[in-house]
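A.B. asks: Build me a model:
(one chain, ligands or ions: 1)
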Amino acid sequence: MKIGIGNDHVAVEYKQALKAYIEDKYGYEVVNYGTDSTERFHYPESGKAVAEAVASNKIDKGILICGTGVGIGISANKIKGIRCVICSDPYSAKLSRQHNDTNVLAFGSRVVGLEVAKMIVDEWLTAEYEGGRHQVRLDMISDIENQGNID
Ligand code: RB5
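C.D. replies: As a prediction, this is how the structure comes out:
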């Protein structure tokens, strides 16, 4: 399993701690697409980079962190094929895998404490997509994505 991780300047140490946590606990390769500097860094850059790597199957899943998780998560969701959950609790993280087959997870370093973030990551990495009745809804989401904007 190869995980991409991305962040902005707000979440440098937090990202590093989570990267180490995932590597140690799961033995997964965690590829860093974020910044390691506290100089201002625009979150869409790493949101896009991680999302494109997931969409093109270079990596299996992505984890994104900025102050709130919102900007970086919205950026990821602009990439075709990406279903990014922006959440602050383990329950939503787990259900987003089981029901929505999310392939990117985003949360905020200013919102979620590191120990809760580890629980979120654990639920999200271990839950499996259930398919079945959920697939029709994911197909509908793909249809929306393929339809583009109406003039
Ligand atoms: C950076 O100040 C902040 O806007 C960013 O980390 C994030 O919270 C945006 O959604």
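
A.B. asks: bridging residues for Val85?
C.D. replies: Leu105 (DSSP bridges).

A.B. asks: oh, and call the first residue 45 from now on, that's how I've got it
C.D. replies: Taking 45 as the first residue, the last one we looked at is Val129.

A.B. asks: so where do the helices sit in the protein?
C.D. replies: For the chain, the helices defined by DSSP state H cover 56-70, 87-99, 114-121, 134-144, 158-170, 179-191.

A.B. asks: right, is the second one up against the ligand?
C.D. replies: Put plainly, it is helix 87-99. Yes. Helix 87-99 lies within reach of the ligand by CB under 6 Å from any ligand atom, at Tyr87. Every residue, glycine included, has its C-beta placed from N, CA and C.

A.B. asks: Pull the contacting residues for Ile126.
C.D. replies: 95, 98-99, 120, 147-148 (CB atoms under 8 Å, 6 or more residues apart in numbering).

A.B. asks: try Thr82
C.D. replies: Counting by CB under 8 Å, 6+ apart, Thr82 makes contact with 53, 56.

A.B. asks: Not counting stretch 163-172 itself, show me its contacts.
C.D. replies: 47, 62, 65-66, 69-70, 105, 107, 129, 131-135, 137-142, 146, 149, 151, 156.

A.B. asks: From Thr82, how far off is Cys128?
C.D. replies: 25 Å (CB to CB, to the nearest Å).

A.B. asks: can you check Val114 too?
C.D. replies: Note on Val114: its distance to Thr82, by CB to CB, is 20 Å.

A.B. asks: Disregarding flanking residues, what is the spatial nearest neighbour of Asp52?
C.D. replies: Tyr87 (4.1 Å; CB to CB, 6 or more residues apart in numbering).

A.B. asks: residues from this protein in reach of the ligand?
C.D. replies: Neighbours of the ligand within the chain, by CB under 6 Å from any ligand atom: 52, 54, 87, 110-112, 114-115.

A.B. asks: Now a ChimeraX select for only the buried ones of those residues.
C.D. replies: A single ChimeraX command is used to select the members of those judged buried by 16 or more other CB atoms under 10 Å:
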select :52,54,87,110,111,112,115
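
A.B. asks: between the residues of the chain next to the ligand, which is nearest Glu174?
C.D. replies: Nearest to Glu174 among those: Val114, at 26.9 Å, using CB to CB.
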